[in-house]
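A.B. asks: Quick one, fold the following:
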Amino acid sequence: MRKTISDFRFFFKLLVVAIVLVCSNAAVHAQSAASWKEKPVTLRVSNQPLGKVLEMVAEAANAKISLQEVSLWNINKPTSLVVKDKPLDKVLGDLIGDQNVVIRYEGANQIIVEPDKLQEKGEQLLTVSGVVLDNDTKEPLIGATVLITDGTGKSDGARGGMTDIDGKFSLRLHRNESINVSYVGYTAQSKQIQRNEPNIVIELKPSIELDDVVVTGISRRSKNSFTGNYVEVKGDDLRKMSPTNILKGLQFFDPSFKIIENNRSGSDPNAEPDFQIRGDQSLGSKSMNSMDLMLDNVSSRPNTPLFVLDGFTVPLSRILDLDPERVESITILKDAAATSVYGSRAANGVVVVETKVAPDGALSVSYNGTMTVQAPDLTDYNMMDAATKLETEWRAGLYNPNNAAHMNLYNKYRRNVLGGVNTYWLSKPLRTAIQHRHSVSVAGGTEAFRYSLDVNAAMQPGVMKESENQTKGVNFNMTYMKDKFTMRANVSVSESDSKNSPYGSFSQYTRLNPYYIPTDANGKQQKVLDNNTVSGQSTIITNPLYDATVGIKDLTNSLNVTTSIGLEYMLLKNLRITEQFSYSRGMAGTDKFLPADHTSFELEDDLTRKGSYFKSTGNMSSWSSNLGINYNLVIKKHLFSIFGNWTISEDRNEYVNLSATGYPDPHMDDFIFGNKMETNMSNIGNENISRSVGLIGQFSYSYDNRYSVDFNISGEASSRYANHDLVPFWSVGGRWNAHNERWLKGYLSNLVFRASYGVTGEQNFSPSDAIEYYTFSNTMRPYGSFPVLGALLSGLNNTELGWAKTHNTSLSVDFGFWKNRVNVSFNYYNNITKELLTSYDLAPSTGFTTMVMNAGELQNRGFDASLNIIAVQDLRRQFFWTINANANRNQNKIRKLSDYLKKVNEEQMKSADAPLPQYREGESTTTLYVVRSLGVDPVTGKEVYLKRDGTKTFVWNANDKVPVGDTNPKISGTLSTNINWKDFSCSLGFTYKYGGVVYNQTLVDKIENQNVAYNLDKRAGQGRWEKPGDVKPYVGFSPTGANTPASTRFIMDDNEIRFASLNFGYRFSGENFKFLRQANVDVLALNFTTNDIARISPIRMERGLDYPFARSYTLSLSIMFR
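C.D. replies: I've put the predicted structure just below:
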């Protein structure tokens, strides 16, 4: 495995070197072939012949000029000129503006001025003036291109202009010539000129290809007839909110898309987050190891949506490692009408990512870079200082004044405090991390052939010392179009290397007393900080900083190569056949090494057990083929669309886990040096092979752009199930564009009603749950005189097991007012997951205790709402101000449970610790169950509980647990605003949540239950009950820590407003800045973004227990060369 990865890395490095050379060469050629006609000219000339002035201008631009047939135009016209840093072509254009000549630019520096042949024939020039407007809003389009074309529609690109701030233009041209008007995002329009046109009005319609298409991953659908519920976000908007993590930016645009914050992993760059769309569709969570994550084990993430990249499903890690600059747009598909084509994988929603396509035209080179400064966020930690901690220990009775050993230890710590020792342990394993990401893109081609090459690298060290994640990638994209045939090919190589911090879990440092001295007299880290029995038990306090010096190794690496090809052929004008094929190959490895000197082995006497090594290697491969056919038919106002698709795919992944002990020397940091292998081989490895075949059918009908109906059906058969029959999933949806009704026109800009119902599936289980399999064992008795290995039945043939099915109902309405200056969207959904996969008890005689079956039911219902306001739209001053707000409410309810889960609930109900997940019919999956508390009794200092029957008691009883709240908020969402003024932009983003509750574990762990021998939260010394009559929130001190059971005393309202994002940006154009033109730079953009700026919450609770959270400050640079 190591040799294979090494070979891949060697190949990868060679490829990167070759690409860098290509990019360098391309940049040189790009510079030489750049538009030299825009070279800046500075010149002062007074009353000189026109011909001489033209020669002086050419000389100032280091160009050669040839004046042709000078007898036919006025070369001796007296001319004066004063220009400074004005582009060459504009200077020449001004000089010959009233002459009947044309200018041609050839080669690298050749200018030819010659008479206009048509003028020689005596043709009179016509004047055309007008304005270019948006067809829908009637607003002027600033900077639209107006080119003069001949009778065949061809243009040399030199004759024409652009519209001004009012959308106006004026040109002179010959009779029977035409003007072609184009603008990005709009359909171009041509008009032949026969006479002078002083007030022509050109209204451009928005382009369907760019603005009015929904990308579903499998097909493209018109927005005006699409019945599904979706949210589309452009890549530029995402990067403003989160320049380094595109998925994190999505939550600002869709309130139902949530990132599940992990309070343990914090800002760990090596931790993969969890996501959900419209609540959980499955019960509980599955255990995951690093290999599950890297190999994309679907069953390990039961509620994660499906991710699609350029038409192919990919693991979450591919999206997280994707260079943000490559993203063109992301579309979130949320209801059955939008997702049912994905069949068994669609119940959790679908996230479709589209990357940028190669533009046609001359070679272009671009660079994008980001530098992020991450600072640890410790504002939620409130630990005691040395003096306060020692005083608290004395008040708690930790030291017996009559015990000499106790007093000696107390005096030792007191001397440390008086000597100025006040170690701030929280800062010891932390640093300010500087992350950077770079990408270079080379693109070009012709209208028929386009290509792009992207090279990217990202170095992301974390705020815990020596933790980091590095990614490298190369992507090549090619498109070839010839007549009716189109071919697209893509090759992508990505590598990821991660390293976890050798400084251990951050929670270790929150327990250490500030009067400890981490180093000895020689400045070396002490291994043991304290060894005493003051608290009534033998306590050895080890130094986690010491562990960072002994040679720990905690590494993970992965490599992925993906190639895909897409073919498209237009059999008829309205009949298209497509074929897409993708193959992906990946490998991954994990190495975790702890030498014998690690503090975790301090109490281990067996030398063969001191030191450990865990090694895991795995690989995966997948391929898929999609054959599709699309037919469209337009009959007057009727539009029919039929789409069919046949899919076949295979996924393989396997891994092996190995564990050994006995590594006496830290330099023996290879698995082969272990003393002995671990004897527990129950989880030595795993192999999964899954094959599936599916059929997809879509039928759409639209009438007069007012009424639309969609019907989707898909069938899928999978080897995951013992029964391989084709299982159908389907949806039906309707749409009414009410704003197109005659009786509503003029009142509303937009009014759309949508409704859909359908069934989708999910596959959040392991193949071993459904298929009969065996394991070999040598524990069986020898048969006769020969020893044999016996095969044990380890998995039952579960022929009845099938996909869990989610029945999805969706109702939506969209409003638009005042030319869409105000837009409101409201979406109601009701998702019921039936045949939920849950465990059931089996009779002991079967040899198994449980079996996975389709039995449970789970409901998620709620709404999404959004408001978008264009508060200011001043086209003349180019000032725009938009305000966006959205909200989501999701109510979750269990409708049916298995007997096995009911039994699990009974066991978890007995727990007195932090509330464990409990599932009860009629309740939410996130409901908290604890015993009600009336507070601390002022007389006894004991907690008073309220029993189910309403009586009071000092005795905590698990049977008195009741539902007290839901961790899922009643409503959550985001607020954002964007300001654009010419080339300046500013964006602010806020998130909020209201109505949820949380169990404040900090109050329990760091105030009441914490052993006083360890450091405490400052509140532990302020709110304790000490004597009768004290009205305090916390019970009295206990030297070894109290045993506080879970109660409502620690339940708090989880309401929060977070200032999540701030972005400033400025775009420098080469047209306006001389230094950019001289460097052949077309556009240079700078952006500054900061995330997680501030948080307002009534809760003071430690966040980032194993790895702290961080605030980030990012500077982005984007350069587009000419």
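
A.B. asks: burial count for the nearest residue to M487 once chain neighbours are set aside?
C.D. replies: Among residues not flanking M487 along the chain, Y480 sits closest, at 4.7 Å (C-beta to C-beta, 6 or more residues apart in numbering). C-beta coordinates here come from the backbone N, C-alpha and C atoms, glycine included. Other residues near Y480 number 14, with proximity taken as other C-beta atoms under 10 Å.

A.B. asks: try the one 3 residues further on
C.D. replies: Using other C-beta under 10 Å, D483 has 8 other residues around it.

A.B. asks: Got the phi and psi for it?
C.D. replies: The phi and psi torsions at D483 (degrees, to the nearest 10) take the values phi 50, psi -110.

A.B. asks: Read off the pLDDT value for it.
C.D. replies: D483 carries a pLDDT value of 84.

A.B. asks: helix or strand for K903, which one?
C.D. replies: helix 899-909 (DSSP states H and E).

A.B. asks: C-terminal to that helix, what's the next element?
C.D. replies: Next along the chain from helix 899-909, counting by DSSP H and E, comes strand 927-936.

A.B. asks: for that next one, the distance to its chain's centre please.
C.D. replies: Centre-to-centre, strand 927-936 and its host chain are 38 Å apart (C-alpha atoms, centre = their mean, to the nearest Å).

A.B. asks: Just list what that strand packs against, helices and strands only.
C.D. replies: Contact here means 3 or more C-beta pairs under 8 Å, 6 or more residues apart in numbering; DSSP states H and E; on that basis strand 927-936 packs against strand 943-946, strand 961-966, strand 984-999.

A.B. asks: would JSON lines of those with distance to P269, mean neighbour count and mean pLDDT be doable?
C.D. replies: JSON lines is the format used below for the helices and strands packed on strand 927-936 (distance: least, C-beta to C-beta, whole Å; neighbours: other C-beta atoms under 10 Å; pLDDT from 0 to 100):
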{"stretch": "strand 943-946", "distance to P269": "41", "mean neighbour count": "19", "mean pLDDT": "92"}
{"stretch": "strand 961-966", "distance to P269": "32", "mean neighbour count": "18", "mean pLDDT": "91"}
{"stretch": "strand 984-999", "distance to P269": "22", "mean neighbour count": "19", "mean pLDDT": "93"}
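
A.B. asks: what about those, which gets the closest to R1103?
C.D. replies: The minimum distance between R1103 and these falls on strand 984-999, with 11.3 Å, by C-beta to C-beta.

A.B. asks: elements contacting the closest one?
C.D. replies: By 3+ C-beta pairs under 8 Å, 6+ apart, strand 984-999 packs against helix 235-241, strand 927-936, strand 961-966, strand 971-981, strand 1051-1069.

A.B. asks: closest one to G419 among these?
C.D. replies: Among those, strand 927-936 comes nearest to G419, with 37.4 Å by C-beta to C-beta.

A.B. asks: Please pull out the lowest mean pLDDT helix or strand from the protein.
C.D. replies: Taking mean pLDDT, DSSP states H and E as the measure, the chain has helix 2-32 as its least confident helix or strand, at a mean of 44.

A.B. asks: Name the residues of whichever helix or strand comes after that one that are buried.
C.D. replies: Counting by DSSP H and E, the next helix or strand C-terminal to helix 2-32 is strand 40-49. Neighbour-count burial for strand 40-49, with 16 or more other C-beta atoms under 10 Å as criterion, is recorded at P40, V41, L43, Q48.

A.B. asks: Show the contacting residues for the second one.
C.D. replies: Yep, that's V41 we're talking about. V41 sits next to V57, A60, A61, V83, D85, K86, P87, L88, V91 when contact means C-beta atoms under 8 Å, 6 or more residues apart in numbering.

A.B. asks: same deal with S756?
C.D. replies: Contact analysis of S756 by C-beta under 8 Å, 6+ apart lists 227-229, 335-337, 710, 731-734, 808-810.

A.B. asks: So what pairs up with it in the strands?
C.D. replies: Residues in a beta bridge with S756, per DSSP bridges, are G733, S810.

A.B. asks: Find me the pLDDT at it, would you?
C.D. replies: Confidence at S756, expressed as pLDDT, is 95.

A.B. asks: still on that earlier bit, would you say the residue nearest to M487 is within a strand?
C.D. replies: Yes. Assigned with DSSP: H, G, I helix; E, B strand; the rest coil, Y480 falls within a strand.

A.B. asks: Need the pLDDT of it.
C.D. replies: The confidence metric pLDDT takes the value 90 at Y480.

A.B. asks: Could you report the distance from it to S756?
C.D. replies: Note on Y480: its distance to S756, by C-beta to C-beta, to the nearest Å, is 38 Å.

A.B. asks: just N823 next, same as before
C.D. replies: Using C-beta to C-beta, we find N823 at a distance of 21 Å from S756.

A.B. asks: give the contact list for R948.
C.D. replies: Neighbours of R948 in contact, by C-beta under 8 Å, 6+ apart: N959, D960, V962.

A.B. asks: Recalculate using a threshold of 6 Å.
C.D. replies: Residues in contact with R948 (C-beta atoms under 6 Å, 6 or more residues apart in numbering) are D960.

A.B. asks: R264 sits in which helix or strand?
C.D. replies: Per DSSP H and E: nothing holds R264, as it lies in no helix or strand.

A.B. asks: Which pLDDT does the model give the residue nearest the centre of the chain?
C.D. replies: Residue closest to the mean C-alpha point of the chain, counted by C-alpha atoms, centre = their mean, is L247 at 1.8 Å. pLDDT for L247: 86.

A.B. asks: pretty sure it is in a helix, no?
C.D. replies: Yes. Counting by three-state DSSP, L247 is part of a helix.

A.B. asks: how close does it get to Y1107?
C.D. replies: Applying C-beta to C-beta, the value for L247 to Y1107 is 19 Å.

A.B. asks: try E139
C.D. replies: According to C-beta to C-beta, E139 stands 50 Å off from Y1107.

A.B. asks: Look at those two and report which has more neighbours.
C.D. replies: Y1107 (26 against 12).

A.B. asks: Buried ones in stretch 1020-1031, by neighbour count?
C.D. replies: By neighbour count on 16+ other C-beta under 10 Å, the buried set for stretch 1020-1031 is A1020, G1021, G1023, R1024, W1025.

A.B. asks: Okay, domains of this protein per the record?
C.D. replies: Segmentation of the chain into domains, based on automatic domain parsing, reads 36-120, 126-209, 232-359.

A.B. asks: Redo these as a markdown table? Include distance to Q908.
C.D. replies: Listed next are the domains of the chain as a markdown table, based on distance: least, C-beta to C-beta, whole Å:
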| stretch | distance to Q908 |
| --- | --- |
| domain 36-120 | 72 |
| domain 126-209 | 55 |
| domain 232-359 | 11 |
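
A.B. asks: do you know which of those lies nearest K472?
C.D. replies: domain 232-359 (9.4 Å).

A.B. asks: any idea which of the buried residues of stretch 1020-1031 is closest to E687?
C.D. replies: Nearest to E687, judged by C-beta to C-beta, of these is A1020 at 51.0 Å.

A.B. asks: Grab the nearest non-local neighbour of that closest one.
C.D. replies: Here the residue nearest A1020, using C-beta to C-beta, 6+ apart, is I1007, at 4.3 Å.

A.B. asks: Confirm that that neighbour sits in a helix.
C.D. replies: Yes. Under three-state DSSP, I1007 falls within a helix.
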